[in-house]
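Peer 1: Next comes the sequence, and after it the predicted model I'd like to discuss.
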Amino acid sequence: MLRWELCKVWKCKVDDAIFSGINQYQWSWYARMILLDRQNESERDLSYIEYLASFYNYEAVKAVQDARSKDEEHTFASDQEFDEQVKAGGFKDNEYLDAVRIAKENTNFNINSDQKTSSSDRFRTPRSLASLRSVIEDDE
């Protein structure tokens, strides 16, 4: 892939003699420079798209830019902060975890802590077949 990129830049064939004289450090440098060029092109294209879109809907472009900058500013909690969050139990009230808990209620793998777990629990039928019946009736 790198050789092909260099062929396009130098306008030469893939088996050109110029490639035999390139050492590993030069290959590495070429790869790095091509990567940086692609990143710069991507940023330039994104800026151009945002510029054009700002004439149509400035508020939406600003919201996307703010969300992107917020994602870039994300940091991890230190060990001490993490310990405090766990002790306080703040992680328990999380909308994403609630969505997982709700989704788990509708599976066959929802086993109460007072029930015994066995391999047969993994293959038991749902308690109510009403939802399955409604799906089958809608298809007909």
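Peer 2: Arrived safely. Residues are numbered from 1 along each chain as shown.
Peer 1: what's the spacing between the most far-flung residue of the chain relative to its centre and L6?
Peer 2: Of all residues in the chain, the one whose C-alpha sits farthest from the chain's mean C-alpha position, using C-alpha atoms, centre = their mean, is A17 at 42.1 Å. Separation of A17 from L6 (C-beta to C-beta, to the nearest Å): 13 Å. C-beta here means a position set from N, CA and C on the backbone, and glycine is covered the same way.
Peer 1: After the helix ranked longest in the chain, heading C-terminal, what element do we hit next?
Peer 2: Longest helix of the chain, by residue count under DSSP state H: helix 24-56. Per DSSP states H and E, helix 24-56 leads on to helix 58-72 as the next helix or strand towards the C-terminus.
Peer 1: contact partners of that following helix?
Peer 2: Helix 58-72 has contacts (C-beta atoms under 8 Å, 6 or more residues apart in numbering) with E50, A53, S54.
Peer 1: Could you write out the alpha-carbon coordinates of it in CSV?
Peer 2: Output of helix 58-72 as CSV, limited to C-alpha atoms (Å, rounded to 0.1, in the frame of the first residue of the first chain):
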residue,chain,number,x,y,z
TYR,A,58,-25.8,27.1,11.6
GLU,A,59,-27.2,25.8,14.9
ALA,A,60,-26.9,22.1,13.9
VAL,A,61,-23.3,22.6,12.8
LYS,A,62,-22.4,24.3,16.0
ALA,A,63,-24.1,21.5,18.0
VAL,A,64,-22.0,18.9,16.1
GLN,A,65,-18.8,20.9,16.7
ASP,A,66,-19.6,21.2,20.4
ALA,A,67,-20.3,17.5,20.7
ARG,A,68,-17.0,16.6,18.9
SER,A,69,-15.0,18.9,21.1
LYS,A,70,-16.7,17.4,24.2
ASP,A,71,-15.7,13.9,23.0
GLU,A,72,-12.1,15.1,22.6
